[in-house]
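Chemist: Sequence and computational prediction follow.
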Amino acid sequence: MALLESLQIPLGTKMPEFTLKDAHGKQYTSQDLMGENGLLVIFSCNHCPYAQAVWPRLVKLSKFLRENGIGVVAINPNIHPDYPEDDPKKMPEYAKKWGIDFPYLVDDTQSVAKQFKAQCTPDLYLYDKNQKLYYHGRLDDNWQNPDAVKEESLKIAAEKMLANEPPPEKQYPSMGCSIKWRDS
C-alpha cells in the first residue's frame, strides 16, 4: 500500500468532461451529474483502508451537498487484475455496505482518472456551477477517527462555495492509497 497525497491543481481549472458506466451498465455523463450549484467528484475504490475509513462520512456529507444542489459522483479507477476487491462486479456489494446512494462509476480504462490527475483513493474534487475547480483536498482532519475530527474541510469549502465566497486559502491535500495504474 503506497501512501500518496493528491496533486496541487490550480483552482479555477475547468472540469474534464467524461462519460462512464456504473457496475450495472447504466451510462452517466459529467453533464448529467452536475447539480445546479456544482459537482463533487470522488476518486475512490473498495479495498483501500483510507477510502473505507471515510466512505461513511462521504455518504453523510453527500446528503447535505445534494440537498443544496451539488451533485455527487464516485469513480473507481482501480480496475486492475491484482486488486480483485475493486472489480466492478463487487462495487454494488460495497455500495450497499456503505450506503452509497449516488452514482459509483467504473473507470475501466483509467482515462478519466488521468484527465483529472487523480493520484490516490480518496481524491476529492469540488467544482462550482461553472465547472471550475473550487476545492481539491481532504475530507476532514482525521481520516482514521471520525470522533476526533475538528475540521470538516470539504464541508466548509462547500458552504463557502454555496455562499459565493472565495475558496479556502489553505487546501490540505487528500491522502490515501495510490491508484493502481495498469501498465500502458
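Modeler: Thanks, I have the structure now.
Chemist: Let me see the contact set for residue 31.
Modeler: In this structure, residue 31 makes contact with residue 17, judged by CB atoms under 8 Å, 6 or more residues apart in numbering. For glycine as for every other residue, the C-beta is placed from the backbone atoms N, C-alpha and C.
Chemist: Name the residues of the worst-scoring helix or strand of the chain on mean pLDDT that are buried.
Modeler: Sorting the helices and strands of the chain by mean pLDDT, DSSP states H and E puts strand 3-5 at the bottom, at a mean of 83. By 16 or more other CB atoms under 10 Å, the buried positions in strand 3-5 come out as residue 4.
Chemist: Give me the helices and strands touching it, please.
Modeler: In terms of contact count using 3 or more CB pairs under 8 Å, 6 or more residues apart in numbering; DSSP states H and E, strand 3-5 is assigned the packing partners strand 120-121, strand 175-178.
Chemist: which other helices and strands contact whichever helix or strand comes after the first one?
Modeler: To tie it back to what came earlier, the one meant is strand 120-121. Where DSSP states H and E defines the elements, the next helix or strand beyond strand 120-121 is strand 123-128. Applying 3+ CB pairs under 8 Å, 6+ apart, we find strand 123-128 packed against strand 38-43, strand 133-136, helix 153-162.
Chemist: ok now do the nearest residue to residue 153 once chain neighbours are set aside, which residues does it touch?
Modeler: With sequence-adjacent residues excluded and distances taken as CB to CB, 6 or more residues apart in numbering, residue 153 is closest to residue 138, at 5.2 Å. Residue 138 is in contact with 124, 153-154, 172-175, counting by CB under 8 Å, 6+ apart.
Chemist: change it to 7 Å
Modeler: The contact partners of residue 138, taken as CB atoms under 7 Å, 6 or more residues apart in numbering, are 153, 172-174.
Chemist: State the pLDDT value of it.
Modeler: Predicted confidence (pLDDT) for residue 138: 96.
Chemist: Equivalent analysis for the one 3 residues further on, please.
Modeler: At residue 141, the pLDDT value in this model is 95.
Chemist: List the residues that contact it.
Modeler: 149-151, 153.
Chemist: Quickly note the distance from it to residue 173.
Modeler: 12 Å (CB to CB, to the nearest Å).
Chemist: Also residue 29?
Modeler: 28 Å.
Chemist: Which of these two has more residues huddled nearby?
Modeler: More neighbours surround residue 173 than the other of residue 29 and residue 173, with 16 against 11 (other CB atoms under 10 Å).
Chemist: Residue 152 contacts residue 142, correct?
Modeler: No - if you go by CB atoms under 7 Å, residue 152 and residue 142 don't touch, sitting 10.2 Å apart.
Chemist: can you pull the buried residues of stretch 80-92?
Modeler: In stretch 80-92, counting by 16+ other CB under 10 Å, buried: 86-88, 91.
Chemist: would you turn these into TSV with distance to residue 105?
Modeler: Converted to TSV, the buried residues of stretch 80-92 look like this (distance: CB to CB, whole Å):
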residue	distance to residue 105
86	13
87	14
88	9
91	9
